[in-house]
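**Q** Sequence first, predicted coordinates after that:
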Amino acid sequence: MGKFGALRILIFRDLQIRYAGTWLGYFWTLLDPLAMSAIYWFVFSYILGGRSVGETPYILFLLTGVLAWTWFNGSVTDSARTLVLESKMIRSIAIPRYLWVIKSIGAKGTEFLFSLPILVAVAVIAKGQVSLQLLFFPLAFVVQFLLLSGIGLILAPLTVLARDTTNVLRIILRMMFYLTPIIYGLNDIPEKYQALAMLNPLTGIIVMYRAGFWANDNLMTPIIFSITISVAIFILGIFVFKKLERAVLKEV
């Protein structure tokens, strides 16, 4: 069995375990981002009626960002802990150890793809306009997968060697949610801070996801930032994982 076959089995197993014993199964994938989007939509559209962030329809704008964030947040959290949680399996199954990290990202990525029908439904109901820039959507998916793989390959061994990594990570992710243009757009950030915001690779990724609904003439700069940083993090992740793999095997 090749590496891709092994990865596919690990992803399928991860999803089976996650939904085992649940009544709603796959629909849990939709409820969390839908609930988050609905709350922020209500707050900014009704409680703060004078909102001036994002694009119209705002619910579609929100959901596009929240779905990308849900994949990011879940993947970073799961991949960071995977070598600790799967330690017995890692010792007993002879497959490359990095696949255990990638499978967490693949499982969450599969959930992201499963959630896209609800994005399509909201786009139709809210009468969102679609442009040819929708072709950036699959590119955003690939770039996000590379970014998450790099982050996972860095965090997974660090979590084994320093268990309080997960506590620090929880704080960082909470901060990142508000520092990433999810409930607001890149254009809502003051111009002098936009270059700083683009150092966050998720910024360009979310811009690409949204481009198909809100055509943007200034796409290339955030996209180039995002691709460059994501590839760099992926390469760094491979290096860090290989460097720490032996030390990790002594701990798991």
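**A** Good, I have the coordinates. What you see is a predicted model, and the numbers here were worked out from it, not measured in a lab.
**Q** Which pLDDT value belongs to the residue sitting nearest the centre point of the chain?
**A** In the chain, the residue lying closest to the centroid (CA atoms, centre = their mean) is residue 72, at 2.0 Å. pLDDT recorded at residue 72 is 97.
**Q** quick one: it from residue 159, how far?
**A** Distance from residue 72 to residue 159, counting by CB to CB, to the nearest Å: 17 Å. In this view, the C-beta of every residue, glycine as well, is placed from N, C-alpha and C.
**Q** Next, the buried residues of the longest helix seen in the chain.
**A** For the chain, the longest helix by residue count, based on DSSP state H, is helix 220-251. By neighbour count on 16 or more other CB atoms under 10 Å, the buried set for helix 220-251 is 222-223, 225-227, 229-230, 233-234, 237, 240-241, 244, 248.
**Q** Of the residues you listed, which is the nearest to residue 60?
**A** Residue 60 lies nearest to residue 222 out of the buried residues of helix 220-251, by CB to CB, at 19.5 Å.
**Q** where's residue 208 relative to residue 134, distance?
**A** Distance, residue 208 to residue 134, by CB to CB: 10 Å.
**Q** Compare these two and say which is more crowded by neighbours.
**A** More crowded of residue 208 and residue 134, by other CB atoms under 10 Å: residue 208, with 27 against 14.
**Q** my guess is the more buried one meets residue 225, correct?
**A** No - at 11.4 Å, residue 208 and residue 225 do not qualify as touching, with contact defined as CB atoms under 8 Å.
**Q** okay, and for the protein, where does confidence drop off?
**A** By pLDDT under 70, the low-scoring segments of the chain are 1-2, 20-26, 49-51, 252.
**Q** residue boundaries of the helices in the protein?
**A** Counting by DSSP H, the helices of the chain are 3-19, 28-42, 58-85, 87-92, 98-125, 136-161, 165-179, 191-197, 201-211, 220-251.
**Q** Can you name every helix or strand that the longest one contacts?
**A** So the one you mean is helix 220-251. With contacts taken as 3 or more CB pairs under 8 Å, 6 or more residues apart in numbering; DSSP states H and E, helix 220-251 sits against helix 98-125, helix 136-161, helix 201-211.
**Q** and these, which is most packed in?
**A** Stretch with highest mean neighbour count among those: helix 201-211 (a mean of 26; mean count of other CB atoms under 10 Å).
**Q** Show me the contact partners of that one.
**A** Outside helix 201-211, the residues within contact range by CB atoms under 8 Å, 6 or more residues apart in numbering are 55, 61, 64-65, 67-69, 72, 131, 133-134, 136-137, 139-140, 143-144, 147, 176, 180-182, 185-186, 197-198, 216, 219, 222-227, 229-230, 233.
**Q** can you pull the alpha-carbon coordinates of it into CSV?
**A** Only the C-alpha atoms of helix 201-211 are listed here, as CSV (Å, rounded to 0.1, in the frame of the first residue of the first chain):
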residue,chain,number,x,y,z
PRO,A,201,-1.0,33.9,5.1
LEU,A,202,-4.7,33.3,6.0
THR,A,203,-5.4,36.8,4.8
GLY,A,204,-4.6,36.1,1.2
ILE,A,205,-6.3,32.7,1.4
ILE,A,206,-9.6,34.2,2.5
VAL,A,207,-9.3,36.9,-0.1
MET,A,208,-9.0,34.1,-2.7
TYR,A,209,-12.1,32.3,-1.3
ARG,A,210,-14.1,35.5,-1.5
ALA,A,211,-12.9,36.7,-4.9
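**Q** That helix: how far from the chain's middle?
**A** The chain centre lies 11 Å from the centre of helix 201-211; the measure is CA atoms, centre = their mean, to the nearest Å.
**Q** now it and helix 220-251, what's the angle there?
**A** Counting by axes from the mean of the first three to the mean of the last three CA atoms, to 10 degrees, helix 201-211 points 130 degrees away from the direction of helix 220-251.
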